[in-house]
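> here are the coordinates; sequence isn't available:
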């Protein structure tokens, strides 16, 4: 348990420092935006990393059981931690969601742009999917479900990852196409999140295509 906690703390600190260095130190975002706006970016990325890890470990254990099989017990911890951070991210986003913080999501009339609406839509759908997964992970709920049904609910988390991928794509794809504008050459956090999710999905597809290794 201590190892999980320390690893989780290190991952969060790494994402937090990345956000601070990229946005505050290099890009010049005012430090008064650190408590909510910048921290929210780190929380969002951490949530994605933890959830992604919870799903990647199963596939990795299929190829390298000696290395990753002992880590399978951490999947529930990582998944629920990621979901908790995602909930915090959603709450903070609602508090600061305005043209002052996210001007590209709003028209002059104050209405959302198509990109803004799509990003929000996929984010909400992803949170709903992961809510189902989290609820099914509760001991009382898990015991009341058949194993096949429980596994089916857990596996829809991959749909949730796809939805998050779409969420971050519509949120930041314009910046992805302009690497010359990346502060310090550092990737946008939305692109980092997309890469993490893409890797997990690739690992899963590979695990489905190729047989287990001994």
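Yes, it's here. None of the values given here were measured: they were computed from a predicted structure.

> now what about the helix or strand where residue 80 lies, what contacts it?
Assigned by DSSP states H and E, residue 80 belongs to helix 75-96. With Cβ atoms under 8 Å, 6 or more residues apart in numbering as the test, helix 75-96 has contacts from 4, 8, 36-37, 39-40, 43-44, 46-55, 57-58, 123, 127, 130-131, 133-134, 137, 157. The way it works is simple: take the backbone N, C-alpha and C, and place the C-beta from them, glycine included.

> per-residue pLDDT, the residue positioned nearest the centre of the chain?
Geometric centre of the chain, nearest residue: residue 48, 1.7 Å, by Cα atoms, centre = their mean. In this model, residue 48 is scored at 97, pLDDT.

> list the contacts of the residue nearest to it when sequence neighbours are not counted.
Counting by Cβ to Cβ, 6 or more residues apart in numbering, residue 193 is the residue found nearest to residue 48 once chain neighbours are left out, at 4.7 Å. Applying Cβ under 8 Å, 6+ apart, we find residue 193 in contact with 44-45, 48, 164, 168.

> redo those as TSV? Include distance to residue 74.
Shown next, in TSV, are these (distance: Cβ to Cβ, whole Å):
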residue	distance to residue 74
44	21
45	19
48	17
164	20
168	24
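
> let's see if you can find the most crowded of those residues.
Counting neighbours by other Cβ atoms under 10 Å, the top entry in the contacts of residue 193 is residue 48, with 29 neighbours.

> that one against residue 164, yeah?
Yes: counting by Cβ atoms under 8 Å, residue 48 touches residue 164, with 6.3 Å between them.

> now do the shared contacts for those two.
Counting by Cβ under 8 Å, 6+ apart, the shared contacts of residue 48 and residue 164 are 193, 197.

> for the protein, name the helix or strand with the lowest mean pLDDT.
When each helix and strand of the chain is scored by mean pLDDT, DSSP states H and E, helix 65-68 comes last, with a mean of 83.

> rewinding a little: next secondary structure after the helix holding residue 80?
Using DSSP H and E, the helix or strand that follows helix 75-96 in sequence is helix 114-136.
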